[in-house]
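Peer 1: 3D, please:
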Amino acid sequence: MCLLLPLLLAAASLASARPWSEEVMYFVMTDRFHDGDTENNIPNGCDPSLYDPQQKDINRFLGGDLRGLEKAIQSGYFNQLGITALWLTPVVKNVWRSGYDLGGWKTSYHGYWAQDWLDIDPHLTSKTDLTGNPYPDNPEGRTAHYRDFVRLAKSKGIRVIQDVVLNHAGPVFFYDIDGDGLLNRQTKDEWVQDFKPHGHHPNATWGNIPEWNLRQTQPDGPRTLLGVNIPTTGVLSRLDSYGRKGFSHDSLGKTDGEEVTCDFFSLRDFWTAPDSPHFHALIDEFVTIYHFYLTTIGVDGLRIDTVKHVHHEFWDAFTQRLREKLGPHAKDKLLFGEIYDGNPARLGQYTWRSDWPENESPGLDGVLDFHLCFTARDYLRHPGGTFGSPKSLEDSLRIRTATDDNGRPFYNPNPGPDGLNSQQKIITFIENHDGINRFRVAGITERRHRLAQALVMTLPGIPCLYYGAEAALLDQHGKIGHDGETGRKMFFHKNGPTRTDVRKSPAFRDIAALAKLRATHPVLRHGRIHPLWVDSEGSSEDDGLFAFARISADNKSFAIILINASDQPSTTRSGDYAITLPQGLATPTTTLTPILTIGPDSPPKTPPIPAQGKLHLPAPPQSLTIFHSNP
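Peer 2: Below you'll find the predicted structure:
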């Protein structure tokens, strides 16, 4: 162990030293990955009906836990896939059941219904560590397991990103309609009240259903965990820290401010307005809590949920104060947010502070690029060999560095503590757990899925894969064009597959190969993008084609990524038109060599191609090819 410890510390140090723009991220719903410890499926005192031992009912707990992830990390699974950062759904202790949520009665298998911000949910933790040493059965023990998990990941060179919620708590209180002081479980009006634009509902009452952990929010005062005194004040456990305005049924799509102040079904919205009496106390409480996770536990970043449902000024203060408290360690941490919106102006506004232009410093470090996600799906998420136009995808890539009507860049170009800006730390993805669901639903072929994942891995930004992508996991109940949650399936189900099975899948091999290329070819990580070809509307010669270049800052290295979504072989030609590179990029001796082709079982052997003049690049059916420049 004495010899091993320096190696582990070195691996953790290397992980923290990497620029965030070099990461390959993997988003995992912990409850849906692998049940590594069956003893935590029904924690002490928990309603046993909340767990489905058949691992089929997506509205109940299915058993995935930290131990399941630990076993995968130990086996080298993520290293072999090329993953360098794990983003986990929220790990804090939740209210375990809610009535009248979107779609009916559900459990908090996903982790977004927090009850205790300084305890880890017992569905996720184990009684012993990996060597058999016991953990105490209390917040101290559960937090110790989480810290050990983070340390294990870092020992393999993998960063950990914690999903966090500052917009709301779980259904910790109810609206006491009949005044009896008890939550009537089958009475909808006690779970959900109509939105009250002015004032608040005065009958909010803390719940007390132990078997659902439906009780007053915690912490209610200072805590000591892992030998660290955490000076929390208990503001989260005060009813007047919440808006208590009830639920507006169309608030998710609104931009008039109502989406910021209302509950979401039975989830309880914090009062985050700058003029609220607890504005500063709420911010300071969350800063104290997440400083503990970022330092004592050692997590490397925060993915912040429901950003657009919180007042912008709240994010200004939270990000500034957290960075100040972190001090020099702020440069190693990533704060990125989820704004479920396809409008780049709406997305990018949170990379700026609300007091711009007086203060041009960054707000969030980055955001999940839903705009690109939607346009990439418009191009590729079609049944069989059909496809859409890549024109909107090209536009979305241009917008990343473009300016709005007021002349302000959509995404803040000013660097954060690490010297990188929000355009460099934007998160590129094509599927997740939100309503957009998995990319591969009924009608989407495995090959098209592989093409979509390859696109994510070659575009600028931090690529983020969704658990199961490496096995082309199919959501047979999902439908193209329909939102849903049916893709939140158990991945390593008790009936299979195994990690060995998945390692053999074409999608796993694709992603591993692409990750290796990103690691060995800096231009695929840092190169600026230059669109080269979009399927022309007036000709069928280039149907389904999309091509772009990644170019190094000194113009000495570049790569061309060529995608063919059609079932027919093609070349970058339409009449007299063909790809031409920007002037001065290629010399008379520069050639292009295909270094990886995703899709066909036996890619064609293509000799080096002169890079000057018109480029007629070959594109096999349903493929993505990377051509790299040779001087």
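Peer 1: Okay, now the unreliable bits of the chain?
Peer 2: The model of the chain has pLDDT under 70 over residues 1-14, 16.
Peer 1: 80 instead, please
Peer 2: The model of the chain has pLDDT under 80 over residues 1-17, 102-103, 251-254, 538-539.
Peer 1: Just the strands from the stretch 451-600 of the chain, written as ranges.
Peer 2: Secondary structure of the stretch 451-600 of the chain by DSSP state E, counting those that start in this stretch: the strands cover 462-466, 528-534, 545-551, 558-564, 570-571, 573-574, 577-578, 591-598.
Peer 1: any chance of those strands in JSON lines, with mean neighbour count and distance to H34 too?
Peer 2: Using the backbone N, CA and C atoms, a C-beta is placed for each residue, glycine as well. Converted to JSON lines, these look like this (neighbours: other Cβ atoms under 10 Å; distance: least, Cβ to Cβ, whole Å):
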{"stretch": "strand 462-466", "mean neighbour count": "25", "distance to H34": "15"}
{"stretch": "strand 528-534", "mean neighbour count": "19", "distance to H34": "36"}
{"stretch": "strand 545-551", "mean neighbour count": "24", "distance to H34": "35"}
{"stretch": "strand 558-564", "mean neighbour count": "25", "distance to H34": "33"}
{"stretch": "strand 570-571", "mean neighbour count": "20", "distance to H34": "41"}
{"stretch": "strand 573-574", "mean neighbour count": "19", "distance to H34": "48"}
{"stretch": "strand 577-578", "mean neighbour count": "15", "distance to H34": "49"}
{"stretch": "strand 591-598", "mean neighbour count": "19", "distance to H34": "27"}
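Peer 1: JSON lines for the ones you listed, including distance to N437?
Peer 2: Formatted as JSON lines, the strands of the stretch 451-600 of the chain follow (distance: least, Cβ to Cβ, whole Å):
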{"stretch": "strand 462-466", "distance to N437": "10"}
{"stretch": "strand 528-534", "distance to N437": "27"}
{"stretch": "strand 545-551", "distance to N437": "23"}
{"stretch": "strand 558-564", "distance to N437": "22"}
{"stretch": "strand 570-571", "distance to N437": "30"}
{"stretch": "strand 573-574", "distance to N437": "35"}
{"stretch": "strand 577-578", "distance to N437": "37"}
{"stretch": "strand 591-598", "distance to N437": "23"}
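Peer 1: Y350 is nearest to which of the ones you listed?
Peer 2: Evaluated with Cβ to Cβ, the strands of the stretch 451-600 of the chain place strand 462-466 nearest to Y350, the distance being 16.5 Å.
Peer 1: would you list every one of the helices in the stretch 101-250 of the chain?
Peer 2: Ranges of helices in the stretch 101-250 of the chain, per DSSP state H, counting those that start in this stretch, are 139-155, 188-191.
Peer 1: what's the most buried one of those?
Peer 2: Mean neighbours per residue, mean count of other Cβ atoms under 10 Å, is largest over the helices of the stretch 101-250 of the chain for helix 139-155, with a mean of 22.
Peer 1: which residues sit against it?
Peer 2: 7-8, 11-12, 15-16, 66, 69-70, 73-74, 86, 91, 116, 118-122, 124-126, 129-130, 134-136, 159-160, 223, 225-226, 296-299 (Cβ atoms under 8 Å, 6 or more residues apart in numbering).
Peer 1: In strands only, show me those.
Peer 2: The strands, defined by DSSP state E, take in 86, 116, 118-120, 159-160, 223, 225 from the contacts of helix 139-155.
Peer 1: Now R323: closest residue in space, sequence neighbours ignored.
Peer 2: Of all residues not flanking R323 in the chain, A330 sits nearest, at 4.2 Å (Cβ to Cβ, 6 or more residues apart in numbering).
Peer 1: Over to that neighbour. Which of the three states is it?
Peer 2: At A330, secondary structure determined by DSSP: H, G, I helix; E, B strand; the rest coil is helix.
Peer 1: what residues are up against it?
Peer 2: A330 makes contact with 322-324, 417, according to Cβ under 8 Å, 6+ apart.
Peer 1: what about burial for the residues you listed, which qualify?
Peer 2: Neighbour counting over the contacts of A330 (16 or more other Cβ atoms under 10 Å) leaves 322-323, 417 as the buried ones.
Peer 1: Now, these that are in helices?
Peer 2: Using DSSP state H, the members of the buried ones among the contacts of A330 that fall within helices are 322-323.
Peer 1: For E23, give its distance to D300.
Peer 2: Using Cβ to Cβ, to the nearest Å, E23 is found at 9 Å from D300.
Peer 1: Quickly list what's touching both of these two.
Peer 2: Counting by Cβ under 8 Å, 6+ apart, the contacts common to E23 and D300 are 85, 159.
Peer 1: what's the closest of the ones in strands among the contacts of helix 139-155 to E470?
Peer 2: Among the ones in strands among the contacts of helix 139-155, and counting by Cβ to Cβ, the member closest to E470 is L86, at 13.4 Å.
Peer 1: just checking, the closest one touches V24?
Peer 2: No. Look at L86 against V24 with Cβ atoms under 8 Å: they stay out of range, at 10.4 Å.
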